[in-house]
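[1] Model the following, please.
(one chain, ligands or ions: 1)
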Amino acid sequence: MISTAELAVRLFVSLLVVVAVPLSFVLMFRTLDYIALDGLVEEFRNGRGATVRDRGQLNAYFEANETASVTCPHCGAANGENYTYCHTCQAKLDG
Ligand SMILES: [Zn+2]
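    Alright, predicted model coming up:
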């Protein structure tokens, strides 16, 4: 036989799992959405992000290994010799 106190605890836990946990996830994603639209993104877009172009992560690799590479004419990223398209900006590489 379950006591009234235990029944209350079980009801509380089941309500917590069914309602509170999904609700907290909704609130979390709402909060993340709000933060993402905040001025921080615009600041980055107008500041550093605009002047420093993303060249990917392979430039240092090609330099360190002295492997022949093709530099992208569009973004400056180093690509392998046999690459047809730039791995960073997808521009077509010549040769
Ligand atoms: Zn590129």
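[2] average pLDDT for the longest helix seen in the chain?
    Ordering each helix of the chain by length in residues (DSSP state H) puts helix 21-36 first. Mean pLDDT, computed over helix 21-36, is 88.
[3] got the domain boundaries for this structure?
    Domain segmentation of the chain under automatic domain parsing yields 4-48, 55-95.
[4] Ok, which of these comes nearest the ion?
    The ion lies closest, by C-beta to the ion, to one member of those: domain 55-95, at 3.1 Å. Where you see a C-beta, it was placed from the backbone N, CA and C, and this is true even at glycine.
[5] is that closest one anywhere near the ion?
    Yes. Interface with the ion: domain 55-95 contributes C72, H74, C75, A77, C86, T88, C89, A91 (C-beta under 5 Å from the ion).
[6] following the helix or strand bottoming out on mean pLDDT in the chain, which helix or strand shows up next?
    The least trusted helix or strand in the chain, going by mean pLDDT, DSSP states H and E, turns out to be helix 48-51, with a mean of 54. Using DSSP states H and E, the helix or strand that follows helix 48-51 in sequence is helix 59-65.
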